[in-house]
Every structure is written in C-alpha cells, then in structure tokens.
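Trainee: Just the structure for this:
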Amino acid sequence: MSIKAGDIIIVDLDPTQGGEKSKTRPCLVVVGEGHPWHLIIVVPITDHNTHRHPKLSLPIPHPDKTTGLSKQSSIDCFQLRCLSKKRFKQKIGVVTQEILDDTLSRMGTILNIGEEHVM
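Mentor: Residues are numbered from 1 along each chain as shown. Modelled structure (predicted):
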C-alpha cells in the first residue's frame, strides 16, 4: 500500500498511555512515504462530538465515499504521531487538499511554527 499525505488509513494506535488517542481508528496521514525515516506521521480522527477546541481539531463536515468515514468526525491536530507502517490496516479514503492544508496550518500553530521556520 502506497501511503501519501491526505490519505485516511485505519491504524492500530495501541498500546497507548495517559490521554493518548487509543484503539484502532482512522487517521489522517500528514507526512507519507518518500523520505528516509521509514515512519509515517498521522493525526487521529475521532467522533465529531468530541470537537472541543477549534484550534486543536478540525471537523470533517460530511462523511462520504471519498473520505470513507461513516459518521461526522474531527481531525485531532494536537495528537500528532510518528508510526511504523506495521500499524496500518487499510486505506479507506482521502481528504481534500483544503482539509489537509488546514490540518497542517493548525499543527503549525500548535507547534508554534512561524513563517520564519518554514523551509
């Protein structure tokens, strides 16, 4: 399976500790394959009703065949994870470039990355 930014993949996030998102769930790939580190960077997708902070999460407005999601959901931009492909189960869909760009922008805000740090 080829994995690229914007893909929605079912990922086994267990084992976890503390407040980390757990269980097998959809995740948005923000950095896919094609770099020398052999890890994929994802953010988990969770139920829309857990959307607590507009700067930390991004709603996916409508579940559909493109995303592969079956209910309203939110991207939890705060729970950034670097994972082995061994945790990945299957690709179920993709998000629009607009949603991917908004996710990356929110991650930049969370990580306090300003324009001066962008290569």
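Trainee: Give me the sheet partners of the helix or strand of the chain with the lowest mean pLDDT and which way each runs.
Mentor: The helix or strand of the chain with the poorest confidence is strand 57-60; it has a mean of 87 (mean pLDDT, DSSP states H and E). Using DSSP bridges, the strands paired with strand 57-60 are strand 73-76 (antiparallel).
Trainee: what's the spacing between the least confident helix or strand of the chain and its chain's center?
Mentor: 10 Å (Cα atoms, centre = their mean, to the nearest Å).
Trainee: Tell me who's in contact with Gly6.
Mentor: Going by Cβ atoms under 8 Å, 6 or more residues apart in numbering, Gly6 touches 28-29, 94-97, 100. Placement of C-beta: from N, CA and C, glycine included.
Trainee: now it: how far from Asp101?
Mentor: In this view, Gly6 and Asp101 are 10 Å apart by Cβ to Cβ, to the nearest Å.
Trainee: repeat for Ile41
Mentor: Ile41 is 15 Å from Asp101, by Cβ to Cβ.
Trainee: tell me the helices in the chain, going along the chain?
Mentor: 97-110 (DSSP state H).
Trainee: what about it, any weak spots by pLDDT?
Mentor: Where the chain drops to pLDDT under 70, the residues are 48-52, 114-119.
Trainee: let's see it at 80
Mentor: Scanning the chain for pLDDT under 80 picks out the ranges 1, 20, 35-37, 48-55, 61-63, 112-119.
Trainee: Quick check: beta-bridge partners of Ile8?
Mentor: Beta-bridge partners of Ile8, as defined by DSSP bridges: Leu28, Gly93.
Trainee: ignore the last one, Ile60
Mentor: With DSSP bridges as the rule, Ile60 is bridged to Ser73.
Trainee: right, and Lys23 touches Ile10 too?
Mentor: No - using Cβ atoms under 8 Å, Lys23 is not in contact with Ile10; the gap is 10.6 Å.
Trainee: so who does the nearest residue to Cys77 once chain neighbours are set aside touch?
Mentor: Of all residues not flanking Cys77 in the chain, Arg106 sits nearest, at 4.2 Å (Cβ to Cβ, 6 or more residues apart in numbering). Under the criterion of Cβ under 8 Å, 6+ apart, the contact partners of Arg106 comprise 55-58, 77.
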